[in-house]
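1. With the sequence up front, the predicted model follows.
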Amino acid sequence: MYAAVSRASIKHGMRDESIMELKAFEYNPVPGADAMYLYETAEPAARHYLVLVCESQEVCEKAIVLLQADARYQQLLRLLEAPLEWQGGEIVYSGEFTYSGL
């Protein structure tokens, strides 16, 4: 598995609208992408990171090109302070856990 991560500097007051723009990809995903996540750090900083997960580096690089050409992506960019700068890397561990009882 491979992922590309970018800091997403969402404009003040545009968090919920950004999430709505990203939800559009649920119904018509980026070709090659297995998952997309928007991660938000805890307050007070509340920084956001967009993660695109794919099966390989080659597929992820192609998916990013397709994503950047997508009109929905262009809509998302208008809600950000700066363009996304993708950093790719291999997912070296992935685990799923059953309910822990907490």
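-> Structure's in. What do you need?
2. contacts, neighbours, all on C-alpha from now
-> Noted.
3. Determine whether the claim that Ala3 is in a strand is correct.
-> Yes: using DSSP: H, G, I helix; E, B strand; the rest coil, the assignment for Ala3 is a strand.
4. pretty sure it contacts Tyr93?
-> No: at 11.8 Å, Ala3 does not count as touching Tyr93 under the criterion of Cα atoms under 8 Å.
5. Would you mind telling me which of those two has more residues around it?
-> Legend: neighbour count by other Cα atoms under 10 Å for Ala3 and Tyr93, higher for Ala3 (24 against 6).
6. What's the separation between the nearest residue to that one once chain neighbours are set aside and Tyr37?
-> Sequence neighbours aside, Val53 is the residue nearest to Ala3 in space, at 4.4 Å (criterion: Cα to Cα, 6 or more residues apart in numbering). Distance check for Val53 against Tyr37: by Cα to Cα, to the nearest Å, it reads 8 Å.
7. and stretch 15-23, C-alpha only, in CSV?
-> Written as CSV, here are the backbone C-alpha positions of stretch 15-23 (Å, rounded to 0.1, in the frame of the first residue of the first chain):
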residue,chain,number,x,y,z
ARG,A,15,-14.1,23.2,7.3
ASP,A,16,-17.7,21.8,6.9
GLU,A,17,-17.8,23.0,3.3
SER,A,18,-14.5,21.3,2.6
ILE,A,19,-15.8,18.0,4.0
MET,A,20,-18.9,18.3,1.7
GLU,A,21,-16.6,18.8,-1.3
LEU,A,22,-14.6,15.7,-0.3
LYS,A,23,-17.8,13.6,0.2
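8. List the buried residues for it?
-> For stretch 15-23, burial by neighbour count (16 or more other Cα atoms under 10 Å) applies to Arg15, Ser18, Glu21, Leu22.
9. okay, Val53 and Tyr37: which has more neighbours?
-> Taking neighbours as other Cα under 10 Å, Val53 and Tyr37 compare with Val53 leading, 24 against 13.
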